[in-house]
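Visitor: here's my sequence, what's the structure:
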Amino acid sequence: MKLDGKLVVVTGGGSGIGRELVLALLRRGARVAAIDLNMDSLSETAEIAAAGQDLGLFEGNIADRDGVFALPAKIEAQMGPVDGVINNAGVIQPFVDFADLEMEVIDRMVNINLVGPINMMKAFLPGLQSRSEAHLVNVASMGGFIPFPGQSMYSASKAAVKLLTEAIYQESQGSNLRVSCVMPGAVNTNISKNSGVEMSAGGDPEAAAARTLPAPDAAKIILDGMEADKLHILVGSDAKMLFRLVRLAPAWAIRFIQKQMSKMGR
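Guide: Residues are numbered from 1 along each chain as shown. Model prediction:
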């Protein structure tokens with residue numbers, strides 16, 4: 001789906017990849033409804049955007065089902081029918097093995113990373129399916145196809161997003177709805193800080209696996225893939241390499257990641 005003139009909803013639009021997606025969409029001529037839990041961060045995104053851009057700011061918690069279900073009407077009343085949704089918002093967990101992970105953290109991973117996108121899809125899919133052309137994009141992670149030490153529930157939630165996206169892709173064959181699953185590798189963002197996770201000198205497990213990709217570059221890859229109607233959008237050389245490797249030798253690939261991370265204190 002070509003983005004020029006389209007109205008696209010972006011969750012997590014106040015920082016990181018989400019902010020860069022908002023800015024890049026505006027540069028491509030799209031109109032954007034940016035959603036974030038933090039209105040101050042959304043305001044910062046708006047300040048960075050060029051004056052005169054068609055950008056709407058909407059405060060919202062994607063884990064709040066009632067609040068999310070009210071969003072389509074609010075956005076349409078202010079900006080018109082939605083043509084695309086990019087479910088980008090997500091958090092990582094503290095670097096703790098599953099056996100030692102508190103249930104509160106497990107619930108948070110599921111509620112934000114999985115239930116959040118489910119809420120968004122249930123809310124916006126009817127409208128998208130009524131459009132002559134529409135696109136749904138769910139941001140998973142390379143952690144969704146290969147686990148990283150200390151990120152068991154993050155990986156599990158993102159793996160669920162990946163498979164659910166592929167299922168909706170299957171269900172949408174022959175329709176006007178295009179569906180994409182984004183699997184970023186190591187991207188230079190503030191996800192750890194925004195997730196409330198303290199980092200050691202070793203950094204993020206995913207970031208430690210390879211050189212981090214600048215967030216603006218990640219946004220460009222995602223939007224290029226969206227316009228090309230790709231099912232899988234792999235962001236970064238690390239994600240591309242590991243995606244192939246885990247399909248060829250899954251057990252070896254998992255051990256490889258574990259060994260690499262252990263060298264870095266993980």
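
Visitor: alpha carbons only for contacts and neighbour counts from here, please
Guide: Fine.

Visitor: any idea which helix or strand comes after the helix or strand hosting residue 73?
Guide: Assigned by DSSP states H and E, residue 73 falls within helix 71-79. Scanning forward in sequence from helix 71-79, with DSSP H and E defining helices and strands, the next element found is strand 84-87.

Visitor: pLDDT of that following strand, averaged?
Guide: Regarding strand 84-87, the rounded mean pLDDT is 98.

Visitor: and residue 57, its phi and psi?
Guide: The phi/psi pair for residue 57 (degrees, to the nearest 10) reads phi -110, psi 130.

Visitor: distance of it from residue 179?
Guide: Using CA to CA, to the nearest Å, residue 57 is found at 24 Å from residue 179.

Visitor: residue 220 now?
Guide: 17 Å.

Visitor: what about those two, which has more around it?
Guide: Counted by other CA atoms under 10 Å, residue 220 and residue 179 do not tie: residue 179 has more neighbours, with 26 against 17.

Visitor: where does the prediction get shaky in this structure?
Guide: By pLDDT under 70, the weakly predicted segments of the chain are 190-211, 263-266.

Visitor: which neighbours in the sheet does the longest strand seen in it have, and how are they oriented?
Guide: Using DSSP state E to define each element, the chain has its longest strand at strand 177-184. When sheet partners are counted by DSSP bridges, strand 177-184 sits next to strand 134-139 (parallel), strand 232-235 (parallel).

Visitor: what about the first one, distance to the chain center?
Guide: By that I understand strand 134-139. Chain-centre distance of strand 134-139: 10 Å, with CA atoms, centre = their mean, to the nearest Å.

Visitor: contacts for the helix or strand following that strand?
Guide: Using DSSP H and E, the next helix or strand after strand 134-139 towards the C-terminus is helix 152-171. Residues from elsewhere that reach helix 152-171 (CA atoms under 8 Å, 6 or more residues apart in numbering): 91-93, 97-98, 106, 109-110, 113-114, 117, 138-141, 143-148, 178-181, 231.

Visitor: any buried residues in helix 152-171, and which?
Guide: 152-162, 164-166, 168-169 (16 or more other CA atoms under 10 Å).

Visitor: just stretch 48-59 next, same as before
Guide: Within stretch 48-59, judged by 16+ other CA under 10 Å, the buried ones are 49, 54-59.

Visitor: same check, this time on stretch 22-41
Guide: Buried-residue list, stretch 22-41, by 16+ other CA under 10 Å: 22-26, 29-39, 41.
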